[in-house]
Every structure is written in structure tokens, then in C-alpha cells.
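Participant: For reference, the sequence and a predicted model appear below.
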Amino acid sequence: PSMNPCKLPIEKMIARCEELRPGTPVEELLMGRLLSAAQHRLAEAKARLLAAEGLTEPLFLALVILLTADDGIQPSELSLMLGASRTSGTRISDELVARGWVERHEVAGDRRCQLLRLTPAGEQFLADMLPRQRARLRAMWAPFAPEERAEFTRLMRRVLEVIPESSE
């Protein structure tokens, strides 16, 4: 059975550009737009999955980072790992503390230095929530055969290989 490809409204515009300006890189524009549209949908789907748990992506990532930080982590390190400003990192930390999932601990001998650690309530929240998130994530990707997943992963790695990272 033939598959009807998902057409984006931009495809008609790209084709029209080629008519008006021959030499337009139609295929390259289409690949970029498809990748952008897929990334946007994936971000929206992830946001919906997390919203079902009362979370945003930064809150979820912070919880996972704290889960993997055996002895806790300094707020500045958390901000760095989240790619967030110190102000945003503090806001995220404050939210996690307010929810009872994280505690601040002073480092012995240095009152200015604090560590963030998961509380038992935070660990329990993750223990309850992660299996649901994993099931939702698996369901989202279930329509793809193992070979398609492997090819997709290979192609995405190739995209990352050939498109240089920003040096900003």
C-alpha cells in the first residue's frame, strides 16, 4: 500500500518559489522545513506528556539531574546543566522546593554554599511518574519499525554531523 506523505502548507509556497525563481533549492528547503515541523511537534508532544504530570520540561529535567546527582548539586551547576540563567535556575529550584521534592542543604564549613537534593517525596514522585512517562514515550514512537528507528537515528546523527554547531 502506498503512503500519502504528510504535506505541509509551506510545500506549495516552496514549489511556487521555484516557478518564480528557478534554481531555488526546493529539496533542501523542504528537508529543513520537515525537520523543523517534526521538532516542533515533538516539543509540543513532550510538553503535553509532562503537563499531564503537572510539570514543565525544565522542572522535569531538573528532577532527573537531581536524581542522578548522588550527593546533591549546587544551584549554579543545575542552572548550567539546564542551559538556564542563574535567575531561571533559582526559580526552578524554588518551585521544586515549594513542591516538597527538593531540599537545600548547607555545605559544612561554608554557609554560602548550598546543595540541592531530592527529598523522599521527590524520589517517590519520580518513581510513580517515570513509568507513565516511559509508556507514553514508547507509545509515541511505536508506529515506527525497528529498522525505521535505526535509520532515523542514523540520519539525525548525520544531520548533527554535517550541520555545524553554533559557536556563540
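Facilitator: Yep, it's here.
Participant: which of the residues in the host helix or strand of Ile10 are buried?
Facilitator: Element membership for Ile10 (DSSP states H and E) is helix 9-20. The neighbour-count check on helix 9-20 (16 or more other Cβ atoms under 10 Å) flags 11, 14 as buried. Where C-beta positions appear, they are placed from N, C-alpha and C, glycine not excepted.
Participant: try stretch 87-105
Facilitator: Result for stretch 87-105 [16+ other Cβ under 10 Å]: buried residues 89, 92-93, 95-96, 99, 101-103.
Participant: Also stretch 21-37?
Facilitator: Within stretch 21-37, judged by 16+ other Cβ under 10 Å, the buried ones are 29, 33.
Participant: From here on, call the first residue 540.
Facilitator: Right, with 540 as the first residue, what we last looked at is stretch 560-576.
Participant: can you list the weak-confidence ranges in the chain?
Facilitator: The chain contains residues with pLDDT under 70 at 540-545, 706-707.
Participant: for it, which strand is longest?
Facilitator: Longest strand in the chain, counting residues (DSSP state E): strand 649-657.
Participant: for that one, packing partners?
Facilitator: For strand 649-657, the packing partners by 3 or more Cβ pairs under 8 Å, 6 or more residues apart in numbering; DSSP states H and E come out as helix 596-607, helix 614-621, strand 641-646.
Participant: now Thr563, what's its secondary structure?
Facilitator: Classification of Thr563 using DSSP: H, G, I helix; E, B strand; the rest coil returns coil.
Participant: so what's the backbone phi/psi at it?
Facilitator: Backbone torsions of Thr563, given as degrees, to the nearest 10, read phi -60, psi 130.
Participant: rewinding a little: so which of the buried residues of stretch 626-644 is the closest to Asp667?
Facilitator: Trp640 (11.8 Å; Cβ to Cβ).
Participant: Who are the contact partners of that closest one?
Facilitator: By Cβ atoms under 8 Å, 6 or more residues apart in numbering, the contact set of Trp640 is 602, 657-658, 660-661, 664.
Participant: rerun at 6 Å
Facilitator: 658, 660-661, 664 (Cβ atoms under 6 Å, 6 or more residues apart in numbering).
Participant: Of these, just the buried ones, PyMOL syntax please.
Facilitator: The buried residues among the contacts of Trp640 can be selected in PyMOL (16+ other Cβ under 10 Å) with this line:
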select buried, resi 658+661+664
